[in-house]
Structures are given as structure tokens and as C-alpha cells.
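Novice: generate a structure from the sequence data that follows.
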Amino acid sequence: MFTKINTLSQNFARAIVVSSDLSEPVKLKLKEFDIDIIPSYVNKNVNRYLSRHVDMQLVHISDNTYLCEPSCYDYYKQHLEKYSINLLYGDTNLSSNYPRDIAYNIIITEDYAVHNFKYTDSKLKSFLNGKSLIDVSQGYAGCSVCKINSKAFITSDAGVAKAMSQFDCEVLQISAGNIILDGFDTGFIGGACFLISNSVLVANGNLYSHPDAEIIEKFCESYGVKVIHFPNVPLTDIGSAVAIGL
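Specialist: Residues are numbered from 1 along each chain as shown. Got it, this is the predicted structure:
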């Protein structure tokens, strides 16, 4: 795994909000970068295997503004207060049955938003004015797509890849599978990885357990992004992470 990273030239997140299922070696590595780890809220209204997935609960809208599912608001307000963020809550309460659990599972960049907009939370949608809306049938868009930068992405979903490629996006389509997600046949690459700086991507486990690992690394490196992964840990979808202060 990559370990020689010049931290002096990096703008790292101040904290990440992430499932308590994050692998212990990953937690130790994050502490080396002085990144606070905030356990995600446990939302008992959704499938128990997804109840700690922050990509279903909390969205970084822009700059210092974040929006969360209403039941999570008090929890995140308390735990994120020290970071002086602008925290809002949406209009949609999640429940366990798809698609009633996908209202916040979205990818947002400076120019784009990727989601099944039939089910996007109404308040969240109001913040998307001026962005190109990439409408996809995949409800778990946020989990299925790994963001490398504002225009480069990785996904195993052919429909998502096709839709995003019609815009000014560079999309690496990888093979599906080879990612653990408890309770499901497989997880997604977006749920198994997250950025901790503009040029460092963390994989929650052994990237090389995926057959397209070398292609993934080369794609990331072509955009100046290094990948940290952990050979002794199964590559596992834990609902990605939301960076605070990045």
C-alpha cells in the first residue's frame, strides 16, 4: 500500500464521518493524518445492514454546508458543532424498503449531481440549481460511484457509466462484485472508498482483491490521486465516508 505521502503539501479533511464498521487498520492510518473519526448515526428505520451507512444519511452540498436526514440531525449537530459547519436537515424520513431509503444517496460535485431524481429529497434538490443533473435508474448512486475528483469517477454500474459519460465526465467502468457488503451479494466501489484529501483515496481493505485493482490505481494516478489500501483486510463496502473540512 502507499505510505509515503507528503503530508506537508496536502489539504486533508479535518474529520470524516464513517460507519463504526470501518476496519481498524484504516482507523489507525487516518489517525496518522490527524483526521478525527466520527462514527455515523445508527438509523434504525432502514435495513439493519445499511443503518450505519453515512452515504444514505449525510450529504456535503457545497463549501461548508451539509444536509442530513431529519432523524440524524440532533446527533450530527452535536458531533459536528466543533467544526463550525452549516448543518441542515432534509424533508424526507427514510424507511427500510427501497426506494424509500435512497433520498440522500447522491453524488454532488461543483458541476454535477448524479441520482435517481424521482426520489431525491425535495430540500436537497433545491440546492442543485445550476448543476447538470445526471438522472440514473440506480437509486444507490452515491454508493455505486467512487468520486476521484469533480470530473473523474469509477463505477461498476453500466447504466450510471453511460449516463455520466454523456456529460463532460471521465468514467472508469469496472467489473461488478468482489466487494463485501454484509446482507447483500456484493457491495459497491463507492461505498468501499473515500477521499481524505484532494489527492489521497482510501480503500477500506485490500484493493487487489478486486480484479480491476491495477486499472483502478492507474486511473487514480492519472488524476494525481494516490490510493491507500490494506492487503490484510477484505475490501468492504461500509457506506463510504463524508469528509468534513475538505
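Novice: where does Leu195 land in three-state SS?
Specialist: Judged by DSSP: H, G, I helix; E, B strand; the rest coil, the three-state class of Leu195 is strand.
Novice: and what of Leu88?
Specialist: Three-state call for Leu88 (three-state DSSP): strand.
Novice: beta partners of it?
Specialist: Using DSSP bridges, the bridge partners assigned to Leu88 are Leu67.
Novice: pretty sure it contacts Leu124?
Specialist: No. Leu88 lies out of contact with Leu124 (Cβ atoms under 8 Å); the separation is 9.1 Å. All C-beta atoms are positioned from the backbone trio N, CA, C, and that covers glycine.
Novice: any regions of this structure where pLDDT drops low?
Specialist: The model of the chain has pLDDT under 70 over residues 1-10.
Novice: show me where it has helices.
Specialist: Counting by DSSP state H, the chain has helices at residues 24-32, 73-80, 122-126, 141-144, 158-165, 189-192, 213-222.
Novice: so which of the ones you listed comes closest to Phe230?
Specialist: Among the helices of the chain, the nearest to Phe230 by Cβ to Cβ is helix 24-32 (4.8 Å).
Novice: residues in contact with that closest one?
Specialist: For helix 24-32, contacts defined as Cβ atoms under 8 Å, 6 or more residues apart in numbering pick out Ile16, Ile37, Ile196, Val202, Asn204, Ile228, Phe230, Asn232, Val233.
Novice: start to end distance for stretch 21-41?
Specialist: Start and end residues of stretch 21-41 are separated by 12 Å (Cα to Cα, to the nearest Å).
Novice: related to what we said a few turns ago, export the helices of the chain as a markdown table, with columns for distance to Ser51.
Specialist: As requested, the helices of the chain are exported to a markdown table (distance: least, Cβ to Cβ, whole Å):
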| stretch | distance to Ser51 |
| --- | --- |
| helix 24-32 | 19 |
| helix 73-80 | 13 |
| helix 122-126 | 20 |
| helix 141-144 | 14 |
| helix 158-165 | 24 |
| helix 189-192 | 14 |
| helix 213-222 | 28 |
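Novice: so for Asn93, which of the ones you listed sits nearest?
Specialist: Set against Asn93 and scored by Cβ to Cβ, the helices of the chain come closest in helix 73-80, at 11.0 Å.
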